[in-house]
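**Q** got a structure for you, letters missing:
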C-alpha cells in the first residue's frame, strides 16, 4: 500500500507514522506538513510546504495512493470559532475533496475525537465543528472513516506539542494503564491508533465511526 499522511509531527500522527514504517504492507508513506519530521526511512517521503493542501506538484500521482491518514489538527483552547473552523473544517475538506476527485477508491481516515457532535447543534464549539467536518467527509465519494479516540496515551517517546496536554500527561501518566484496563472505552495509545488505521485501510470496518473500544479492537491482530 501507499499512504498519504497529514500531521506526522503531532502526537497521534507520529504514532501512526511509526506503525506504517514498521508494517511490511506499506511501500511508501508520503508525509505532508509544514515542518520536517526529523527522521529518515526508505519508505518515507516528505513534502514540507506552507500550505498542506497544495497538491500542484504531485497532482498526477494522487491516483496511486490507497489511503490517506488525516491526523492534522489543533487544540480549540483559546481559539475563536472562525479560526478553529478554518483549520479544522476548511483545510480538511479542501484536501479531502481533491483526493476524492483524484481517486474515489481511496480510503480516507480522519482523526476526530470522543464527544464530537454529529448534530452540529450542540453548545461545544469544537464538537460542532468536528461534527460538521465528519458529516461532510462521509458524504464524499470515497471510503471515509472517522476515528474518535478518547484520552490518547503517547508511546515510543512521542510527546504532545500542546503545553496543556503535556502537563496533563505528566500528572495522569502513571494512572493511564490502570484506567485503560478499567475503562477500555476511554483510552487509546498512539500505537494502536496507527495499527487500527492500517487494518481499516486494508480491510475496512463494520461502521464508519469508530469509538475508542472499536479502535482497540481493530488494532488487535
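**A** Yes, it's here. Not measured: the values here are computed from a predicted model. Residues are numbered from 1 along each chain as shown.
**Q** going forward, measure contacts between C-alpha atoms and count neighbours the same way
**A** Fine.
**Q** Show me what counts as buried in the helix or strand encompassing residue 14.
**A** Element membership for residue 14, per DSSP states H and E: helix 11-22. Buried residues in helix 11-22, defined by neighbour count with 16 or more other Cα atoms under 10 Å: 11, 12, 13, 14, 15, 16, 17, 18, 19, 20, 21.
**Q** Show me what that helix is in contact with.
**A** 5-8, 26, 29, 41, 43-44, 71-72, 152, 154-156, 158-161, 190-191, 193-195, 197-198 (Cα atoms under 8 Å, 6 or more residues apart in numbering).
**Q** quick one: low-confidence parts of the protein?
**A** Low-confidence segments of the chain, defined by pLDDT under 70: 157-180, 182-185.
**Q** sorry, back to before: and the next helix or strand past the helix holding residue 14?
**A** Using DSSP H and E, the next helix or strand after helix 11-22 towards the C-terminus is strand 28-33.
**Q** Quick check: the farthest pair among the buried residues of helix 11-22?
**A** 11 and 21 (15.8 Å; Cα to Cα).
**Q** would JSON lines of the buried residues of helix 11-22 with distance to residue 212 be doable?
**A** Listed next are the buried residues of helix 11-22 as JSON lines, based on distance: Cα to Cα, whole Å:
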{"residue": "11", "distance to residue 212": "16"}
{"residue": "12", "distance to residue 212": "14"}
{"residue": "13", "distance to residue 212": "16"}
{"residue": "14", "distance to residue 212": "18"}
{"residue": "15", "distance to residue 212": "16"}
{"residue": "16", "distance to residue 212": "15"}
{"residue": "17", "distance to residue 212": "19"}
{"residue": "18", "distance to residue 212": "20"}
{"residue": "19", "distance to residue 212": "18"}
{"residue": "20", "distance to residue 212": "20"}
{"residue": "21", "distance to residue 212": "23"}
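**Q** on that earlier part again, generate a PyMOL selection restricted to the buried entries among the contacts of helix 11-22.
**A** Buried residues among the contacts of helix 11-22 (16+ other Cα under 10 Å), as a PyMOL selection:
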select buried, resi 5+6+7+8+29+71+72+152+154+158+159+160+190+191+193+194+195+197+198
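**Q** can you tell me which residues contact the residue sitting nearest the centre point of the chain?
**A** The structure's the chain has its C-alpha centroid closest to residue 71; by Cα atoms, centre = their mean the separation is 2.6 Å. Applying Cα under 8 Å, 6+ apart, we find residue 71 in contact with 5, 6, 7, 8, 10, 12, 13, 110, 111.
**Q** a strand runs through residue 109, doesn't it?
**A** Yes - per DSSP: H, G, I helix; E, B strand; the rest coil, residue 109 lies within a strand segment.
**Q** tell me the contacts of it?
**A** Neighbour list for residue 109: 67, 68, 69, 70, 144, 145, 146, 147, 197 [criterion: Cα under 8 Å, 6+ apart].
**Q** quick revisit: please name the spatially closest residue to the residue nearest to the centre of the chain (chain neighbours excluded).
**A** residue 7 (4.8 Å; Cα to Cα, 6 or more residues apart in numbering).
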